[in-house]
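**Q** Sequence below, structure please.
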Amino acid sequence: MQIRKAILDQDYDAVWEIFSRVIQSGDTYVFDPNTPKSDLPKLWFAETMDTFVATDGDETIVGTYFIKPNQLGLGNHIANCGYMVHPDHQGKGIGRLMCEHSLDYAKEKAFSGMQFNIVVSNSRFGL
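**A** Model prediction:
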């Protein structure tokens, strides 16, 4: 398993495959399941984000994540991340590896911490 910075032109279709399949269920992200492919650059490759991909041994992209400042201005010392694993490759520890990578990267970029903000209304994680 290798994790590397994503290259928009090179990785676009593979990241879209993951993104579009993950958001279809509507239970993990707030993105509309009908989000068009043309929106991917602003949602997953925005200028404020560093986007990564996880590849298996044959360079197949099996996961992706972004890391960005959680807020603008005085809140930019705290990181925020979003992780997605291709549904065909879930349960193999890919998400864990990406999370560990993101924590190391956040330290490298001098973030003070990491905060996760959103839980969709139909999530199975409730009170």
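
**Q** in this structure, which spans are strands?
**A** Counting by DSSP state E, the chain has strands at residues 2-5, 50-55, 61-69, 78-85, 113-114.

**Q** quick one: pLDDT of Asn122?
**A** With respect to pLDDT, Asn122 scores 53.

**Q** Compare the strands of the chain and give me the one nearest Tyr29.
**A** Comparing those against Tyr29 with CB to CB, the closest turns out to be strand 78-85 (7.3 Å). Just so you know, the C-beta spots here come from the backbone N, C-alpha and C atoms, and that holds for glycine as well.

**Q** How about stretch 89-105, which residues are buried there?
**A** Of the residues in stretch 89-105, those buried by neighbour count under the rule 16 or more other CB atoms under 10 Å are 89, 94-95, 97-98, 101-102, 105.

**Q** Helices - which of those land there?
**A** 94-95, 97-98, 101-102, 105 (DSSP state H).

**Q** Name the nearest of those relative to Glu47.
**A** Nearest to Glu47 among those: Tyr105, at 17.1 Å, using CB to CB.

**Q** Now do the contacts for the closest one.
**A** Contact partners of Tyr105, counting by CB atoms under 8 Å, 6 or more residues apart in numbering, are 50, 52, 67.

**Q** Run through the bridge partners of the first one.
**A** Judged by DSSP bridges, the bridge partners of Asp50 are Ile67.

**Q** Identify the residues contacting stretch 106-115?
**A** Here stretch 106-115 has contacts from 50, 67, 69-70, 77-81, 102-103, using CB under 8 Å, 6+ apart.
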